[in-house]
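K.L.:
got a predicted structure here, sequence first:
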Amino acid sequence: MINNINYGIECWYRNTCRGKSDNCRKSCIYYKKMNFLLGNCGVSDVSPYLIDLVPKKNEIDKYKEWSKIKNNILDFVKNGNNLFISSEYHRVGKTTMSVKLMYKYFDELPIGDSIVPKGYFINVPEFLLKLRSFDYWNTDEFREINELIKNTDIVIWDNITGIKLNIKDKEHLLSFIDCRIQKVKTNIFNGKLDDKLEDILGKEITQKLYCGRHIHLTGISR
């Protein structure tokens, strides 16, 4: 999260705020809302993801599809829709696109509907490696993340194809994802598409990736 903000002209939320508040000051309720939601979403520093994305010529249609989802994000999440953003290469903007959707959702939420965390970002390889330790399951960190996975409106499963899953990994990840799908809560998956995707994730989890919308980016690394 961004800390030690200078309010007023240097406020990081100012460009998105669009004049919701007449007075840009420390007590601004819109800033407090975003500060709380972003501070509890699992992204340590959201600023790198606020940059504008410029699509390459062969990606324009994909970006239009993504923009349509972003511009209707409240309905997308209300309906518990899911999205898989994939690519042939690394570093083409999948994570940034995912975080921007969550950021847009936070921005659109009414003030009174923002008193609890509403979205969470999970680096899947890092999370699964922690879960391989039995002791981790008894930590406060895991209990908190487990509740966020079950209850937040959006979960970003970042780089979900970035680690080859063992049997236990598959069981754990499938359980988390199934729980959210059964509760009609939005999942945003992203990862590099591989011909051996089922070998990496297993058949059941691979099927979950395609249970909603799919945007595949064909551009090369930026």
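P.N.:
That came through, no problem.

K.L.:
do you know how far the residue nearest to residue 165 when sequence neighbours are not counted is from residue 92?
P.N.:
Leaving aside its sequence neighbours, residue 165 sits nearest to residue 201 (Cβ to Cβ, 6 or more residues apart in numbering; 5.8 Å). Every residue, glycine included, has its C-beta placed from N, CA and C. Counting by Cβ to Cβ, to the nearest Å, the separation of residue 201 from residue 92 is 20 Å.

K.L.:
between these two, tell me which one has more neighbours.
P.N.:
Taking neighbours as other Cβ atoms under 10 Å, residue 201 and residue 92 compare with residue 201 leading, 25 against 22.

K.L.:
check the gap between that one and residue 93 for me.
P.N.:
For residue 201, the distance to residue 93 under the criterion Cβ to Cβ works out to 22 Å.

K.L.:
what does residue 15 give?
P.N.:
19 Å.

K.L.:
okay, the two: which has more neighbours?
P.N.:
Each of residue 15 and residue 93 has its neighbours counted (other Cβ under 10 Å); residue 93 has more, 23 against 8.

K.L.:
I'd guessed the more buried one sits against residue 217; true?
P.N.:
Yes: counting by Cβ atoms under 8 Å, residue 93 does reach residue 217; the two are 6.9 Å apart.

K.L.:
tell me the domain ranges of the chain?
P.N.:
Domains of the chain are assigned by automatic domain parsing as 1-39, 51-217.

K.L.:
how long is the last one end to end?
P.N.:
Okay, so that is domain 51-217. 18 Å (Cα to Cα, to the nearest Å).

K.L.:
residues contacting the residue nearest to residue 165?
P.N.:
Counting by Cβ atoms under 8 Å, 6 or more residues apart in numbering, residue 201 touches 160-161, 165, 170, 173, 209.

K.L.:
so how far is residue 191 from it?
P.N.:
Per Cβ to Cβ, residue 201 is found 9 Å from residue 191.

K.L.:
what touches both of these two?
P.N.:
By the contact definition Cβ under 8 Å, 6+ apart, residue 201 and residue 191 are jointly contacted by 160-161.

K.L.:
residue 121: which element?
P.N.:
Here residue 121, judged by DSSP states H and E, is contained in strand 119-123.

K.L.:
can you list the strands that that strand pairs with?
P.N.:
Strand 119-123 has the following sheet partners, assigned by DSSP bridges: strand 154-158 (parallel).
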